[in-house]
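Asks: My questions are about this predicted structure, shown below with the sequence.
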Amino acid sequence: GNSVTQMEGPVTLSEEAFLTINCTYTATGYPSLFWYVQYPGEGLQLLLKATKADDKGSNKGFEATYRKETTSFHLEKGSVQVSDSAVYFCALGRGGSEKLVFGKGTKLTVNP
Amino acid sequence: KAGVTQTPRYLIKTRGQQVTLSCSPISGHRSVSWYQQTPGQGLQFLFEYFSETQRNKGNFPGRFSGRQFSNSRSEMNVSTLELGDSALYLCASSLGPQETQYFGPGTRLLVL
């Protein structure tokens, strides 16, 4: 079945550091890929998405590229801020919906 | 445009009781999905509704049920609560089954 594997956290960085959170997936066909973010005490917010191979999703300085050859969708940001501290979830879905499958989440803490 | 709203935000119940959670989707969205989030199991898909019909169901016992109304609002019900049902229950809405899901803040259920 479909599955998502994320790098285990927690990840602790200093402000302005470079961020990478690895995500790989197993799926049949051509799923859509997503990154969601969850701030403390809140629900999930869509951060970015990509619907086909080589697509790059981007938002708020975060980027991720859909790599079919390596079945990966790694999240990157060039310079993190304290306000980026949250839990990040990689997810895949068919056509953008229908039972999203999530990774276990990676907790990011950014220190000033 | 208002986001997905969920009520109540917090709930405390005792074992054996039943509970009903409510979700109002973003205006114009016709699909609603439900997920359970626990520290141990992460985010797991419960069910998806579109046009008042359940389209997909996750691997949960029959104690978990849901429905969708003609105005796209959805409810989920858990009967005969168990301690292990303590979780954050997240609702997500999308324009349709092939569209990106947007999440609400969740209902945190504690079963004592």
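Replies: In hand now; what should we look at?
Asks: Tell me the residues of chain B that contact chain A?
Replies: B:4, B:6, B:31, B:33, B:35, B:42-43, B:45, B:48, B:55-56, B:58, B:90, B:92, B:94, B:96-106 (C-beta under 8 Å from any C-beta of the partner chain). For every residue, glycine as well, the C-beta is placed using N, CA and C.
Asks: Now restrict those residues to buried residues only.
Replies: The neighbour count (16 or more other C-beta atoms under 10 Å in any protein chain shown) marks B:4, B:6, B:31, B:33, B:35, B:42-43, B:45, B:48, B:90, B:92, B:94, B:97, B:100-106 as buried among those.
Asks: Go ahead and flag the most central residue of chain B.
Replies: residue B:34 (3.5 Å; C-alpha atoms, centre = their mean).
Asks: what's the model's confidence in the helix or strand encompassing that residue, averaged?
Replies: Following DSSP states H and E, the helix or strand that holds residue B:34 is strand B:31-38. Averaging pLDDT along strand B:31-38 gives 95.
Asks: Also stretch A:45-62?
Replies: Per-residue scores along stretch A:45-62 average to 95.
Asks: Just the residues contacting that stretch, thanks.
Replies: A:30, A:32-39, A:63-68, A:73, A:75-79, A:88, A:96, B:100-103 (C-beta atoms under 8 Å, 6 or more residues apart in numbering or on different chains).
Asks: What about the residues you listed, which are in strands?
Replies: A:32-38, A:63-65, A:75-77, A:88, B:102-103 (DSSP state E).
Asks: Out of those residues, flag the one nearest to residue B:63.
Replies: Relative to residue B:63, the closest of the ones in strands among the contacts of stretch A:45-62 is residue B:103; by C-beta to C-beta it sits at 23.3 Å.
Asks: how about the closest one, what does it touch?
Replies: Counted by C-beta under 8 Å, 6+ apart, residue B:103 has contacts A:36, A:43-46, B:4, B:90-92.
Asks: Could you rerun that using 10 Å?
Replies: A:36, A:38, A:42-46, A:100, B:3-4, B:6, B:33, B:35, B:43, B:90-93 (C-beta atoms under 10 Å, 6 or more residues apart in numbering or on different chains).
Asks: Now, those that are in strands?
Replies: Within the contacts of residue B:103, residues falling in strands by DSSP E are A:36, A:38, A:44-46, A:100, B:6, B:33, B:35, B:43, B:90-93.
Asks: so what strands line up beside the strand holding residue B:34?
Replies: Looking at strand B:31-38 with DSSP bridges, its partner strands are strand B:42-50 (antiparallel), strand B:87-94 (antiparallel).
Asks: Let me have those strands in a markdown table, adding mean pLDDT as columns.
Replies: Below are the strands paired with strand B:31-38 laid out as a markdown table (pLDDT from 0 to 100):
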| stretch | mean pLDDT |
| --- | --- |
| strand B:42-50 | 93 |
| strand B:87-94 | 95 |
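Asks: quick one: which of these is nearest residue B:19?
Replies: strand B:87-94 (9.3 Å).
Asks: got the angle for the strand holding residue B:34 vs strand A:32-38?
Replies: 60 degrees (axes from the mean of the first three to the mean of the last three C-alpha atoms, to 10 degrees).
Asks: Determine how far strand B:31-38 lies from the middle of the whole chain.
Replies: 5 Å (C-alpha atoms, centre = their mean, to the nearest Å).
Asks: Can you dump the C-alpha atoms of it in PDB for me?
Replies: Output of strand B:31-38 as PDB, limited to C-alpha atoms (Å, rounded to 0.1, in the frame of the first residue of the first chain):
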ATOM      1  CA  SER B  31     -16.100  16.900   0.400                       C
ATOM      2  CA  VAL B  32     -15.300  16.300   4.100                       C
ATOM      3  CA  SER B  33     -12.800  13.900   5.500                       C
ATOM      4  CA  TRP B  34     -12.100  12.900   9.100                       C
ATOM      5  CA  TYR B  35      -8.700  11.900  10.600                       C
ATOM      6  CA  GLN B  36      -7.600  10.800  14.000                       C
ATOM      7  CA  GLN B  37      -4.300  12.000  15.400                       C
ATOM      8  CA  THR B  38      -2.600  10.200  18.300                       C
END
